[in-house]
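> I'd like to go over a predicted model; first the sequence, then the structure.
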Amino acid sequence: MSHIQTTVTKPYPRRVLPDFVRRLPVNAKITLGLMIILLVLLASICAPLLTPYDPVKNDLSQAFQPPGSEHWFGTDNFGRDIFTRMLYAARIDLQIGVFSVITPLLLGSLIGLLSGYFGGWFDSVMMRLVDIVISFPFIVLIIAIISILGTGLFNLYLAIALVGWSAYARIVRAEVLVIKQQEYILAARGMGYGHGRILFRHILPNVISSALVFAMSDVVLCILLGASLSFLGLGVQPPTPEWGAMIAEGRNFIINAWWIATIPGLGIIVTGLGFSLLGDGLAEKIESQ
Amino acid sequence: MQYAVKHIVSLVPVLLGISIITFFMIRLIPGDPAQILLGPRANPETVQRVTERMGLDQPLPNQYLIYMQNLFQGNMGDSIIIQQPVLTLIGERLDVTLFLVIYTTILSVLISVPIAMWSAVRKDSLLDNGFRAASIAGLSMPSFWIGILLMLLLSIKVKLFPVSGYGNTFSEHLRHLFLPALTISFSLTPVLIRPLRTKIITILSAEFVEAARARGIKESQVMIKHVLRNAVLGTVTILGVNVGWLLGGSVIVETVFSVPGLGQLLISSILTRDYPVIQGLVLVFAALVIVVNLLTDILYTILDPRVKLE
């Protein structure tokens, strides 16, 4: 046995990278996107180490300081360091981006899966429901639901879940309709496999990638949505640091202190860019396969 | 025409669903619906009267019928805060929002069609890649932030445009709504450019373009007569699909620039818990999306005689 092994391994060159790293589906966009996201995540986690200031404590003697060496991005009307607040805000905004997407992704994919696979009355009902939900401008429906439920992060997630599933259901259903006609599914049926096994072991792995790619761009949309709602006063409430809420607070001082309302926008853009690049890269990767 | 009728009939279940959702909006708020509709300061007699008039003591299906009956008569109830019918409030502001939306559409088309054409012709050039990177960045920018930035640069630092409002004459509307329309365009153009570019690339390799070139027609003529025409056609469909996105953008941007439109009314009504107005607005926004989708479908058949919708 040992003899055979040595003869087989010998001709191969030494591998620089371990196998699992080389098999990762990576291209430039994915790498860059992941790096940006990780950087934002790390910066938000390590916020207390990166800055000596407190994100919510007022210090009126330091109010309206322009960007400089002491306060990189200046201070706001309460004398709070804007850079510090932006770091802490990343915790909330990243959380909004990720949590807002998980429930719609799971719920919508499940509905799309069942709808596409079984068809019939369930499919008709669900697709009419999708038609109805997408007739409303997305943000208007979210705002309306929040006006009933009240503000707060949990209600935001709930509102997004109630509306957001429709997009995933559509995407997954369309994929299932194609895949369920393929020979290997028909073969699996012929072998007498149960619906559950066919659905989750054979169909799901082949349809989930497009839902995941959409989820990446959805993260960007949800971060923008969360920031927009906070900007409108319907999301995260002050003094909790959140990028959109910070921009809203700075609006009143735009003439004399431009930095309060403008600089926090960079947090949204950088994070959004990271997820957009990741989503784009993944989409390209899947298309090329 | 026949198609339009058919299409409208197929919309009935969707319209029904929308009315049911808006109907339940108020019933889902914990508490007495009549009290919610009248606001916290209403006296018990008025609450009692409204309960009877709206049939709130009757079973839900009856309540829904009464709601629908009122709706068909153009009665959406009265605002709690401003003592006026909801329909009047919405009617006063509808034209402002429509002006903004049409203005944005024109601006977005003027920006995105040339960029998409340029990117498609010079595919994979430095500029094409630059535009693509810019659209990814554009999609990550919140519209309210772009609005504040434009306001800071073009109406506070350089006093080119008014900070807020709507104005009284048509030319004033154009001036007042330029920055709001430009702001929404910033987030709409990336959505338009990407599919347009792909479409133009397919058009450029189509046989009729080759044929036109073979006939010795000047390149500029080919671009304008054959490619541009088809590109605009494509834009109509893409715009139709994204009208919800466009209307949603108007809600936020109207608030930033204090434009007295439907979006601003929606936000102020939510902050004052003026539920009858919210209910009416949600209904109107959904109706707008449906009407625009219907119009784009019809417009498409007019612009492209090959298309026969059934």
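Good, I have the coordinates. Numbers count the residues shown, from 1 in each chain, chains lettered A, B, ... in the order given.

> residues of the stretch 101-250 of chain A that sit close to chain B?
With CB under 8 Å from any CB of the partner chain as the criterion, the stretch 101-250 of chain A meets chain B at residues A:128-129, A:131-132, A:134-141, A:143-144, A:146-148, A:217, A:220, A:224, A:227-228, A:231-234, A:244, A:247. Any C-beta I mention is one placed from the backbone N, CA and C, and that applies to glycine too.

> show the buried residues in the residues you listed.
Buried by 16 or more other CB atoms under 10 Å in any protein chain shown: A:129, A:131-132, A:134-141, A:143-144, A:146-148, A:217, A:220, A:224, A:227-228, A:231-234, A:244, A:247, out of those.

> in helices, which of those appear?
A:129, A:131-132, A:134-135, A:138-141, A:143-144, A:146-148, A:217, A:220, A:224, A:227-228, A:231, A:244, A:247 (DSSP state H).

> what residues are up against the closest residue to A:M35 other than its chain neighbours?
Counting by CB to CB, 6 or more residues apart in numbering or on different chains, A:G274 is the residue found nearest to A:M35 once chain neighbours are left out, at 7.8 Å. The contact partners of A:G274, by CB atoms under 8 Å, 6 or more residues apart in numbering or on different chains, come to A:32-37, A:39-40.

> residues contacting A:L232?
Residues near A:L232 by CB under 8 Å, 6+ apart: A:143, A:248, B:252, B:255, B:267.

> what about the fourth one, how many neighbours?
By the other CB atoms under 10 Å in any protein chain shown criterion, the neighbourhood of B:T255 contains 22 residues.

> list the contacts of B:S119.
For B:S119, the contacting residues are B:127-128, B:131-132, B:193, B:197, by CB under 8 Å, 6+ apart.

> just the pLDDT for the closest residue to chain A within chain B.
In chain B, the residue that lies nearest chain A is B:S140 (2.7 Å; CB to the nearest CB). Looking at B:S140, its pLDDT reads 89.

> which residue packs closest to it, ignoring adjacent ones?
Nearest non-adjacent residue to B:S140, counting by CB to CB, 6+ apart: A:G272, 2.7 Å away.

> what does A:S147 give?
Looking at A:S147 with CB to CB, 6+ apart, the closest residue is B:I270, at 4.6 Å.

> the helix or strand harbouring the one you found versus helix A:138-149: what angle between them?
Using DSSP states H and E, the element containing B:I270 is helix B:262-271. Interaxial angle, helix B:262-271 versus helix A:138-149 (axes from the mean of the first three to the mean of the last three CA atoms, to 10 degrees): 20 degrees.

> where does chain A dip in pLDDT?
A:1-26, A:289 (pLDDT under 70).

> over to the residue in it that chain B sits nearest to: give its phi and psi.
Residue of chain A nearest chain B, by CB to the nearest CB: A:G272 (2.7 Å). Backbone geometry at A:G272, expressed as degrees, to the nearest 10, gives phi -60, psi -40.

> how about B:M76?
Backbone torsions of B:M76, given as degrees, to the nearest 10, read phi -110, psi 20.

> now the helices for the stretch 51-200 of chain A?
With DSSP state H, counting those that start in this stretch as the criterion, the stretch 51-200 of chain A has helices at A:82-118, A:120-135, A:138-149, A:153-179, A:183-190, A:195-197.

> out of the ones you listed, which comes closest to B:P305?
Nearest of these to B:P305, taken as CB to CB: helix A:120-135 at 28.4 Å.

> what's the angle from that closest one to helix A:82-118?
150 degrees.

> for helix A:120-135, the distance to its chain's centre please.
25 Å (CA atoms, centre = their mean, to the nearest Å).

> need the contact partners of it.
For helix A:120-135, contacts defined as CB under 8 Å, 6+ apart pick out A:111, A:114-116, A:141, A:163, A:166-167, A:169-170, A:173, B:13-14, B:17-18, B:21, B:244, B:286, B:289-290.

> narrow those to just the buried residues.
Among those, those classed as buried by 16+ other CB under 10 Å are A:111, A:114-116, A:141, A:163, A:166-167, A:169-170, A:173, B:14, B:17-18, B:21, B:244, B:286, B:289-290.

> what comes up buried for the one helix or strand B:L174 maps to?
Counting by DSSP H and E, the element that carries B:L174 is helix B:170-176. For helix B:170-176, the neighbour count (16+ other CB under 10 Å) marks B:173, B:176 as buried.

> check stretch B:152-172 too.
For stretch B:152-172, the buried set under the neighbour-count rule, 16+ other CB under 10 Å, comprises B:152, B:154-155, B:161-163, B:166.

> ok, now which ones touch the spatially most central residue of chain B?
Closest residue to the average C-alpha location of chain B: B:L247 at 2.6 Å, with CA atoms, centre = their mean. If you count contacts by CB under 8 Å, 6+ apart, B:L247 has them with A:137, A:140, B:97, B:101, B:285, B:288-289.
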